[in-house]
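> Below is the structure, and that's it, no one-letter string:
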């Protein structure tokens, strides 16, 4: 697991690169809201963040005292760094099909797929409830399947088949094929894991 120093270094590097770009250029490609000059309004899962330019300080819109996890900050900054961010294509691929992802596949399964199956494998209704709280759209197939918009140009689908006395539960996570043009395979694994763990938290409400 990366040390906090590694996270801080990754954030500082992203901020250094973004600070050299104009606010308007970043706003055009990310499609984030712009409530006022040099300020981005960034939705992520169930929270809304305010991010300034060029300092790229993060705050929670509802509770300015609430800490913004540095892993989430890094993902948002990496999304901002994406050059020529493409609109979703509507073609879905597995994690293994993302260029360069095979090295991180076991981490992806451990971080996202296994917790999804463990928590919801015999509780598809819980996944339905939690996904609706995050504003996801129901899709086919599966006993519970939803499409999530994690950033304006990033789409992800979770698909769950409940287990029964004869068969264990199964789950799949699919990505719009453009995701590899925006994020690294490691970022994509983190992104999927963050979504799954937020759903787990919502299911306990």
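Received it, and whenever you're ready, just let me know what you need. Nothing here was measured: the structure is a model prediction, and the numbers come from that model. Residues are numbered from 1 along each chain as shown.

> ok, the residue nearest in space to the middle of the chain - contacts?
In the chain, the residue lying closest to the centroid (Cα atoms, centre = their mean) is residue 191, at 3.5 Å. Residue 191 sits next to 75, 150, 154, 156, 183 when contact means Cβ atoms under 8 Å, 6 or more residues apart in numbering. C-beta: built from backbone N, CA, C; applies to glycine.

> Mind checking which of those are buried?
Neighbour-count burial (16 or more other Cβ atoms under 10 Å) applied to those gives 75, 150, 154, 156, 183.

> among those, which are in strands?
Secondary structure from DSSP state E places 150, 154, 156 of the buried ones among the contacts of residue 191 in strands.

> Contacts only, for the nearest residue to residue 100 once chain neighbours are set aside.
With sequence-adjacent residues excluded and distances taken as Cβ to Cβ, 6 or more residues apart in numbering, residue 100 is closest to residue 185, at 4.9 Å. By Cβ under 8 Å, 6+ apart, residue 185 lies in contact with 95, 98, 99, 100, 101, 103, 104, 108.

> now the longest helix seen in the chain: how far from the chain's centre is it?
Using DSSP state H, we find that the single longest helix of the chain is helix 185-203. Chain-centre distance of helix 185-203: 6 Å, with Cα atoms, centre = their mean, to the nearest Å.

> what pLDDT, on average, does that helix get?
For helix 185-203, the mean per-residue pLDDT is 96.

> Can you tell me how far the residue nearest to residue 100 is from residue 81?
Per Cβ to Cβ, to the nearest Å, residue 185 is found 16 Å from residue 81.

> Break down this protein into its strands, ranges please.
According to DSSP E, the strands that the chain contains are 33-36, 39-44, 47-52, 58-60, 92-94, 137-138, 144-151, 154-161, 170-176.

> what's the most distant pair in the contacts of residue 185?
Spatially, the most separated pair among the contacts of residue 185 is 99 and 108, at 14.2 Å (Cβ to Cβ).

> More neighbours: which of the two?
Of the pair residue 99 and residue 108, residue 108 is the one with more neighbours under other Cβ atoms under 10 Å, namely 23 against 8.

> quick one, what contacts the residue nearest to the more buried one when sequence neighbours are not counted?
Leaving out its chain neighbours, the residue that sits closest to residue 108 by Cβ to Cβ, 6+ apart is residue 189, at 4.0 Å. Counting by Cβ under 8 Å, 6+ apart, residue 189 touches 95, 101, 104, 107, 108, 111, 112.

> isn't the third one right up against residue 183?
Which is residue 104. No: using Cβ atoms under 8 Å, residue 104 is not in contact with residue 183; the gap is 11.4 Å.

> In contact with residue 157, which residues?
Contacts of residue 157 by Cβ under 8 Å, 6+ apart are 92, 139, 145, 146, 147, 148, 173, 174, 175.
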